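[1] here is a sequence together with a model predicted from it:
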Amino acid sequence: MNDKRKKNKSKLSAIMTGNNAGAARTPEPEPTETRPKPREKSAVGRLGAALHSLTEQRADPVDPSLIIKNLDAKLLLPSLAMDRAFELVDEELDSLVDSIRNNGQQVPVLVRPHPERDGFYQIAYGHRRVKACQKLDIAVRAVVEEMSDEQLVIAQGKENEERKNLTYIQQCFFAAQLSKTFTREVVAAAVGAGDKTRVSKLTSIIRRVPNDLIESVGSAPGIGRVKWEAVAKACEIDGVATRLRKSLSSLKSSGKWEAMASADRFAWLHDSAVAVEVVDGKLSPSDADAIKSRAKGANAKAVLLSSEDGKPLVETRGARTFKIVWSDDAQAAAFSQFLSAKMETLLEEFKREETQRQDKVEENS
């Protein structure tokens, strides 16, 4: 008897005996919903998701590799690239130490197993928190994740970009360091550059301004691209850097330099460099002549405005000082009041023109 006939006979027998349960058709399982595979998150995104899950006490499982661990602070070593370069004094570190002492470490750091030293870890971000914990001699709350070199520096840069806590010259140095090892695309992602052109502008400052001058100034908080670009342009003139070093050495010897804040140090460097470019253009060949020329340049007079009969009305004294030299005292006083009333309008006009000029420079770069 073939299989088909056997099967039919079995069904008939079941019906006749009233036992047709075995013949009941097994229902087909309902089709399961096919969900698209979630897109892989970056190290920063995955850490954020894990923290959110822990904070909200969600039932969703957390990636075991992103569980916060307590690590010995001595085992945490710096990243591949320094991002907080030229920081003479970290004024905020003491307050961070006090905060962690009183409230604990609220935000974990991100690290990876060190690729060259067994048992150690390499910091992607959170260097200041690690320093604070080292000062307190306590464990560091950290998330440990396997990351490539590229993923590590991008996570490091992403954290800096979100916190907006790097000065412009620190961004330049960070980009210059990364450019020695990584592709332009990786550097652009790490420094948050919208295009690769900005990477060139950042690294250009480091190439043109001598490193010892930047180190002497420090991180220069509040100083942006326009003023650093002016210093870089001046430093391209042959002999300018040497001359600036001599003047800087004199300030250091007098003790005045140490008393200045980093932003004030930059103001001196900027004004000195720009004065050389505007007044001099070229430097004297000998050191002694260079120093004399510097003093002469700072006090050089140039007629800015004259009357119809050719008499000087306003003169410049160096790069920063204007003097009304109108011979008629009443007219000089009236003109001074007139200028004072127009200062805010002139400043706004200057800002507009400066922005337009910088936009043209960027377009042509």
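    Received, thanks.
[2] skip the chain neighbours and tell me the closest residue to residue 176.
    residue 206 (4.0 Å; CB to CB, 6 or more residues apart in numbering). Yep, even glycine has a C-beta here, placed from its N, CA and C like the rest.
[3] longest single helix anywhere in the protein?
    helix 329-364 (DSSP state H).
[4] flag every buried residue along that one.
    residue 335 (16 or more other CB atoms under 10 Å).
[5] if we can go back for a sec, and the residue nearest to residue 176, that's in a helix?
    Yes. If the criterion is DSSP: H, G, I helix; E, B strand; the rest coil, then residue 206 is within a helix.
[6] surely it touches residue 174?
    No. Here residue 206 lies out of contact with residue 174, judged by CB atoms under 8 Å, at a distance of 9.7 Å.
[7] for those two, indicate the residue with more neighbours.
    Shown here are residue 206 and residue 174; by other CB atoms under 10 Å, residue 174 has more neighbours (26 against 21).
[8] re earlier: report all helices and strands that the longest helix of the chain contacts.
    Packed against helix 329-364 by the contact rule (3 or more CB pairs under 8 Å, 6 or more residues apart in numbering; DSSP states H and E) you find strand 321-324.
[9] the strands in the stretch 201-350 of the chain, which residues?
    301-306, 312-317, 321-324 (DSSP state E, counting those that start in this stretch).
[10] quick one: strands adjacent to the last one?
    Strand partners for strand 321-324, identified by DSSP bridges, are recorded as strand 312-317 (antiparallel).
[11] average pLDDT across the partner strand?
    Averaging pLDDT along strand 312-317 gives 75.
[12] cool, and stretch 112-125?
    93.
[13] what's the answer for stretch 218-225, then?
    Mean predicted confidence for stretch 218-225 is 89.
[14] for that stretch, measure first residue to last.
    15 Å (CA to CA, to the nearest Å).
[15] need the residues that contact it.
    84-88, 167-170, 201, 205, 228, 262-263, 265-266 (CB atoms under 8 Å, 6 or more residues apart in numbering).
[16] report how many residues lie close to residue 253.
    Using other CB under 10 Å, residue 253 has 9 neighbouring residues.
[17] remind me which residues of the protein are low pLDDT?
    1-66, 86-91, 160-165, 193-195, 276-304, 308-310, 317-320, 357-365 (pLDDT under 70).
[18] re the thing from before, quick check: the farthest pair among the contacts of stretch 218-225?
    The largest separation in the contacts of stretch 218-225, counting by CB to CB, is between 88 and 201 at 24.8 Å.
[19] more neighbours: these two, which one.
    Ranked by neighbour count (other CB under 10 Å), residue 88 and residue 201 place residue 201 first, with 18 against 14.
[20] ok, now how distant is that one from residue 157?
    16 Å (CB to CB, to the nearest Å).
[21] who does the nearest residue to residue 113 once chain neighbours are set aside bridge with?
    Of all residues not flanking residue 113 in the chain, residue 121 sits nearest, at 6.1 Å (CB to CB, 6+ apart). Counting by DSSP bridges, residue 121 is bridged to residue 76, residue 113.
[22] residue contacts, residue 121?
    71, 75, 76, 77, 111, 112, 113, 114, 142, 144.
[23] neighbours of the fourth one, how many?
    For residue 77, the tally of surrounding residues (other CB under 10 Å) stands at 14.
[24] residues in contact with it?
    114, 117, 120, 121, 122, 123.
[25] among these, which one lies nearest to residue 95?
    residue 123 (20.5 Å).
[26] mind checking the SS state of that closest one?
    Here residue 123 is recorded as strand under three-state DSSP.
[27] that one and residue 133 touch, don't they?
    No. Contact between residue 123 and residue 133 fails when scored by CB under 8 Å: they sit 11.6 Å apart.
[28] between the two, which one's more packed in?
    residue 133 (25 against 22).
[29] tell me how far that one lies from residue 92.
    Taken as CB to CB, the span from residue 133 to residue 92 is 15 Å.
[30] repeat that for residue 306.
    Taking CB to CB, one finds residue 306 at 52 Å from residue 92.
[31] likewise for residue 134?
    In terms of CB to CB, residue 134 sits 16 Å off from residue 92.
[32] cool, residue 116 as well?
    31 Å.
[33] just residue 138 next, same as before
    To residue 92, residue 138 is 19 Å away according to CB to CB.
[34] check residue 321 too.
    Distance of residue 321 to residue 92, given as CB to CB: 36 Å.
[35] cool, residue 173 as well?
    In terms of CB to CB, residue 173 sits 19 Å off from residue 92.
[36] who's more crowded, the two?
    Legend: neighbour count by other CB under 10 Å for residue 173 and residue 92, higher for residue 173 (25 against 13).
[37] how long is stretch 97-108 end to end?
    Start-to-end span of stretch 97-108 (CA to CA) is 15 Å.
[38] for it, give me every contacting residue.
    Counting by CB under 8 Å, 6+ apart, 47, 51, 68, 126, 129, 132-133, 135-136, 138, 140-143 sit against stretch 97-108.
[39] buried residues of that stretch, list them for me.
    In stretch 97-108, counting by 16+ other CB under 10 Å, buried: 97, 100, 105, 108.
[40] out of those residues, which is nearest to residue 313?
    Set against residue 313, the nearest of the buried residues of stretch 97-108 by CB to CB is residue 97 (58.1 Å).
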